[in-house]
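**Q** model this:
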Amino acid sequence: LLHCFTSCVFKMDTTPESYLDLFPLDAIVYLTPDSENVLEDIDPDKVYVLGGLVDESIHKQLTLRRAREQSLRTARLPIREYMVRAPNARNYHSETLAINQVFDVLSTYYETRSWPAALRAGVSSGKGYVLRDTAEQ
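**A** Reported below is the predicted structural model:
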């Protein structure tokens, strides 16, 4: 569990308990790249679960299915809203990020309140996306 204080210094607590047992269901937002809902802002009264897998492969819809099974609200980062596919030799494009990249995006957004700055900080060029203003240059 990560807690952000006013200066955005993060403290991490570990527990064997499930987030489902620790927080009310209506306070939890499960982040998954497969959600139809765009995360527009961070609500300090919500708990954001980074829907992740420790795996090198991408399992489409798995985290979304898990969230739905648990009756949780879902959201995705606004990658499509602020970024475009960049031409690349491998023709590779993925909105699926590693947990540390999602954390970088969220923490940068929390500090700057700027999705472009946050996505620049967390979405590596290897994902095949660039910010819209970068693509036009």
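**Q** hey, let's count contacts and neighbours off CA atoms from now on
**A** Fine.
**Q** Tell me the helices and strands packed up against the one helix or strand residue 111 maps to.
**A** Assigned by DSSP states H and E, residue 111 belongs to helix 99-112. Judged by 3 or more Cα pairs under 8 Å, 6 or more residues apart in numbering; DSSP states H and E, helix 99-112 is in contact with helix 115-122.
**Q** list the buried ones in the helix it packs on?
**A** 115-116, 118-122 (16 or more other Cα atoms under 10 Å).
**Q** ditto for stretch 61-75
**A** Those would be 63-64, 67, 72-75, for stretch 61-75 by 16+ other Cα under 10 Å.
**Q** ditto for stretch 38-45
**A** 38-39.
**Q** Now do it: distance from first to last residue.
**A** 18 Å (Cα to Cα, to the nearest Å).
**Q** Throw the buried residues of helix 115-122 into JSON lines and include distance to residue 32, thanks.
**A** Supplementary listing: the buried residues of helix 115-122 in JSON lines, determined by distance: Cα to Cα, whole Å:
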{"residue": "115", "distance to residue 32": "17"}
{"residue": "116", "distance to residue 32": "19"}
{"residue": "118", "distance to residue 32": "17"}
{"residue": "119", "distance to residue 32": "15"}
{"residue": "120", "distance to residue 32": "19"}
{"residue": "121", "distance to residue 32": "19"}
{"residue": "122", "distance to residue 32": "15"}
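**Q** Does residue 29 belong to a helix, a strand or coil?
**A** What DSSP: H, G, I helix; E, B strand; the rest coil gives for residue 29 is strand.
**Q** change the start of the numbering to 465 and stick with it
**A** Got it, the first residue is 465 from now on, which makes the last one we talked about residue 493.
**Q** Surely it is in contact with residue 508?
**A** No. With contacts counted by Cα atoms under 8 Å, residue 493 stays clear of residue 508, the gap being 11.5 Å.
**Q** all strands for this protein, in order.
**A** Secondary structure of the chain (DSSP state E): strands at 466-468, 474-476, 492-495, 511-514, 537-539, 547-549, 593-595.
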